[in-house]
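Trainee: Structure for this input, please:
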Amino acid sequence: MQVKLKFIAVIAAALFLGGCQQNMSNSKHVSDSKGVMSRNQNVTVVEQTRLNTVDISKVNSFNKLRSSTEGLFRLGNNGRVNHGLAQSYRISKNAKTYTFKLRKNARWSNGQPITAADFVYSWQRSVKPQTRSVNSNLFDGIKNAEKIRKGERPVSSLGVKALSMHELRVTLDHPMVYFESLLAYPLFAPQHQATVQRYGSQYGASANKQIYSGPFKLVKWHANSAARTLVPNPYYWDKSHVYLKRLTIVTSKSPSQDLKAYHDGKVAEIQLIGKQIPENKNNRDYVVRPFSLMRIIAYNFNTSNATNKKLINNRNARLAISHAISRRQLINHALQNASLPPKGFVTAGLSKNNLNHSDFANQQEASSVVKNNSKLAVREWTAAKRQLHLKKATLTLSASNDAISTRVAQNVKGQLENHLPGLKVHVNLSNSSRLTSRVSHGKFDLLLTGWGADYPDPLSFLQAMTSNSRHNYGHWHDAKYDRLVNTISNNQSTNNQLRWEQMLAAEKRLTEQQGVTPLYQQADSFLTNPKLNGVVHNISGVVEDYKSAYWVK
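Mentor: Numbers count the residues shown, from 1 in each chain. Next up, the predicted model:
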């Protein structure tokens, strides 16, 4: 069986029509039914990591939270923005004010109405510094959000206001062409103030210490447990299009045990790891899904080792490291999966130009910098050593101790040592908590890490590498790059083509300077039961949505 890899094309452009009304209440439900539904509508799937909270202000990853959480919008197939709790909305002529009309039949899982005030409370709670939300920067662009995060303005000044029980107004600092897609992220869902206050520090720590706005509700789960169970929310506004009776999500035990559970019919989907991938490529249930996640080498430009600091701050040295690595060899030997060589920092399939429909990744102008060129790598490395008066160097590459990261780190070490004379690479593997601590204290030279898009727009990548970004772990600083991204972020114009060209210029600057070195775009392989239909998969944000999933006979 030949497996074809299909990219999900996400168009991140928006048409700003003065005073226009976007009415989605009459949108027709489109069924993807491919057969008669079976009587058993219970589904079990496997995920790789455990969930530590369902507090949307504090969770690190929103994967699979979409099933129990809904905001104004939700993403459908191919990144299409679908109606959620918003029945309709209006956009002002200057594209800086959105007025949303909420559904009057929107209810929490306890039957209470969801109101505009629930959105105001939720957004203010996530933005205020005391909450310490790791995702609070995603509110930047909403009026005063950045100043509130920095403690410069009171949280009450955030540009969100309840005009009535079912009418919400949002004011932006500047137009945001991806705003509707951003609002589909669970971070922007409502929260019930009385519930938050009732449970205090235990809010979101177990199934019964939270109420839910989405199509499902949790009934069995506590923080870091190995499994969680969801059932339909009986008060969900669109419950007629929720077909599953029970959704169970279990944490992977081991690749071999997961595979056995799949063959025994106990789970509907598993992720394949290592040698399982080539062994199952001809299985009719084999599926490949690319994600907007770029695995990278991050450089610590402030490393405590004086010699290594000079080396890392030398552009020729960073270019040499990039040119010394064959991404295809890395993918074929260390990963053995369908991951993709990079064309730049921004992943393929994330966003398309609304004029010529070209993929942003294909238009990146410095792609040669992230391709293997051994001869050029040696010349650049020799130039760096000459400039720094070095004959040899030893760099530490820090990485997580999971199986995939370990293989990638060892492969990178081998390639760098083989192609860059006089370089030794020491691999330092740590568990996730220890690695996080080391990174936060700046105790690394090179770091194997990654970045994924929270919304389908190149800016989701570009913002991560600005000087003031908390995700710029190595403190790369480039004044020209900062100015470019700042211009894009604070763009007062609705000229999408100009914005596109500015983003390409920023990406080119980052890649040519090698502020980070892209390694590969992650694409994972799965075995998925073909009788499970209706699951929405997207390349960015929350990648799986089981709202309208169902079994067929």
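Trainee: next one: phi and psi at the residue of the chain positioned farthest from its centre?
Mentor: Distance from the C-alpha centroid of the chain peaks at His389, with 41.4 Å (CA atoms, centre = their mean). Taking degrees, to the nearest 10, you get phi 60, psi 50 for the backbone angles of His389.
Trainee: Then the one 5 residues further on?
Mentor: Taking degrees, to the nearest 10, you get phi -130, psi 120 for the backbone angles of Thr394.
Trainee: likewise Val43?
Mentor: The phi and psi values for Val43, taken as degrees, to the nearest 10, are phi -130, psi 140.
Trainee: Could you double-check that it lies in contact with Leu532?
Mentor: Yes: the pair Val43 / Leu532 is scored as a contact, 6.4 Å apart, by CB atoms under 8 Å. C-beta coordinates here come from the backbone N, C-alpha and C atoms, glycine included.
Trainee: who's more crowded, those two?
Mentor: Comparing Val43 with Leu532 by other CB atoms under 10 Å, the one with more neighbours is Val43, at 23 against 17.
Trainee: beta partners for the more buried one?
Mentor: Under the criterion DSSP bridges, Val43 forms beta bridges with Leu247.
Trainee: Quick check: the residue farthest from the centre of the chain vs His419, distance?
Mentor: Relative to His419, His389 is positioned 22 Å away (criterion: CB to CB, to the nearest Å).
Trainee: Mind checking what helix or strand follows the helix or strand harbouring Lys508 in sequence?
Mentor: Using DSSP states H and E, Lys508 falls within helix 496-513. Next in sequence after helix 496-513, counting helices and strands by DSSP H and E, comes strand 516-528.
Trainee: Check which helices and strands that following strand sits against.
Mentor: Counting contacts by 3 or more CB pairs under 8 Å, 6 or more residues apart in numbering; DSSP states H and E, strand 516-528 packs against strand 269-271, helix 276-280, strand 286-299, helix 315-324.
Trainee: redo that, cut-off 7 Å
Mentor: Where contact means 3 or more CB pairs under 7 Å, 6 or more residues apart in numbering; DSSP states H and E, strand 516-528 is packed against strand 269-271, strand 286-299, helix 315-324.
Trainee: Now do Leu259: how many residues are near it, please.
Mentor: Other residues close to Leu259 by other CB under 10 Å number 19.
Trainee: so it sits in a helix?
Mentor: Yes: Leu259 forms part of a helix when assessed by DSSP: H, G, I helix; E, B strand; the rest coil.
Trainee: ok, back up a step: any idea how far Gln514 is from the residue farthest from the centre of the chain?
Mentor: Between His389 and Gln514 the distance is 22 Å, computed by CB to CB.
Trainee: still on that earlier bit, outside of the helix holding Lys508 itself, list whatever touches it.
Mentor: Helix 496-513 is touched from outside by 13, 177, 315, 344-346, 353-355, 363-366, 369-370, 458-459, 462, 465, 478, 480-481, 484-485, 487-488, 491, with contacts defined as CB atoms under 7 Å, 6 or more residues apart in numbering.
Trainee: between that helix and strand 516-528, what angle do the directions make?
Mentor: Here the directions of helix 496-513 and strand 516-528 differ by 110 degrees (axes from the mean of the first three to the mean of the last three CA atoms, to 10 degrees).
Trainee: In helix 496-513, which residues are buried?
Mentor: The neighbour-count check on helix 496-513 (16 or more other CB atoms under 10 Å) flags 496, 499-500, 502-511, 513 as buried.
Trainee: same question, stretch 371-389
Mentor: Neighbour-count burial for stretch 371-389 [16+ other CB under 10 Å]: 371-373, 376-378, 380-381, 383-385.
Trainee: What average pLDDT does that stretch get?
Mentor: For stretch 371-389, mean pLDDT is 98.
Trainee: got the contact list for it?
Mentor: 310-311, 314, 316-317, 319-320, 323-327, 391, 419-420, 422.
Trainee: again with stretch 282-291
Mentor: So stretch 282-291 is contacted by 1, 3, 5, 7, 280, 338, 340, 349, 452, 521-530, 537, 539, 543 (CB under 7 Å, 6+ apart).
Trainee: Now the terminal residues of it, how far apart.
Mentor: The first and final residues of stretch 282-291 sit 22 Å from each other (CA to CA, to the nearest Å).
Trainee: quick one: low-confidence parts of the protein?
Mentor: Where the chain drops to pLDDT under 70, the residues are 1-35, 63-64, 492-494.
Trainee: tell me the domain boundaries of it?
Mentor: Segmentation of the chain into domains, based on automatic domain parsing, reads 21-37+50-218+231-240, 291-523.
Trainee: Let me see the backbone angles for Lys424.
Mentor: Dihedral angles (degrees, to the nearest 10) for Lys424: phi -120, psi 140.
Trainee: does it have beta-bridge partners, and which?
Mentor: Beta-bridge partners for Lys424, by DSSP bridges, are Thr394.
Trainee: all strands of the stretch 301-450 of the chain, in order?
Mentor: 393-400, 423-430, 446-452 (DSSP state E, counting those that start in this stretch).
Trainee: I'd like the next helix or strand past the shortest one.
Mentor: Next along the chain after strand 446-452, taking DSSP H and E as the criterion, comes helix 459-462.
Trainee: next SSE after that next one?
Mentor: Counting by DSSP H and E, what follows helix 459-462 is helix 479-489.
Trainee: Pull the distance from that following helix to the chain's centre.
Mentor: In terms of CA atoms, centre = their mean, to the nearest Å, the centre of helix 479-489 is found 22 Å from the chain centre.
Trainee: on contacts alone, who are the packing partners of it?
Mentor: Partner elements for helix 479-489 (3+ CB pairs under 7 Å, 6+ apart): helix 459-462, helix 496-513.
Trainee: Recalculate using a threshold of 6 Å.
Mentor: Packing partners of helix 479-489 (3 or more CB pairs under 6 Å, 6 or more residues apart in numbering; DSSP states H and E): helix 496-513.
Trainee: tell me the angle of the helix it packs on relative to helix 479-489?
Mentor: Here helix 496-513 points in a direction 160 degrees away from that of helix 479-489 (the same axes, to 10 degrees).
Trainee: any chance of the domains of the chain in JSON lines, plus distance to His263?
Mentor: Listed next are the domains of the chain as JSON lines, based on distance: least, CB to CB, whole Å:
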{"stretch": "domain 21-37+50-218+231-240", "distance to His263": "22"}
{"stretch": "domain 291-523", "distance to His263": "20"}
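Trainee: closest one to Gly265 among those domains?
Mentor: Proximity to Gly265 (CB to CB) singles out domain 21-37+50-218+231-240 among the domains of the chain, at 17.7 Å.
Trainee: and the contacts of stretch 371-389, which two are the farthest apart?
Mentor: Using CB to CB, the two most remote members of the contacts of stretch 371-389 are Arg327 and Lys391, lying 28.7 Å apart.
Trainee: between the two, which one's more packed in?
Mentor: In this view Arg327 and Lys391 are compared by other CB under 10 Å, and Arg327 has more residues nearby, 20 against 7.
Trainee: dump the residue contacts of the more buried one.
Mentor: Residues in contact with Arg327 (CB atoms under 6 Å, 6 or more residues apart in numbering) are 341, 520.
Trainee: can you do 10 Å?
Mentor: By CB atoms under 10 Å, 6 or more residues apart in numbering, the contact list for Arg327 reads 339-342, 370-372, 415, 518-521.
Trainee: Could you do Leu311 as well?
Mentor: 299, 303, 305, 317-318, 321, 384-385, 387-388, 390, 393-395, 423, 445.
Trainee: what about burial for the residues you listed, which qualify?
Mentor: Among the contacts of Leu311, the ones that count as buried by 16+ other CB under 10 Å are 299, 303, 317-318, 321, 384-385, 390, 393, 395, 423, 445.
Trainee: Now render those residues as CSV, adding distance to Asn401.
Mentor: Putting the buried ones among the contacts of Leu311 into CSV (distance: CB to CB, whole Å) gives the following:
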residue, distance to Asn401
Tyr299, 21
Thr303, 21
Ala317, 27
Arg318, 26
Ile321, 22
Ala384, 30
Lys385, 32
Leu390, 30
Ala393, 25
Leu395, 19
Leu423, 23
Asp445, 18
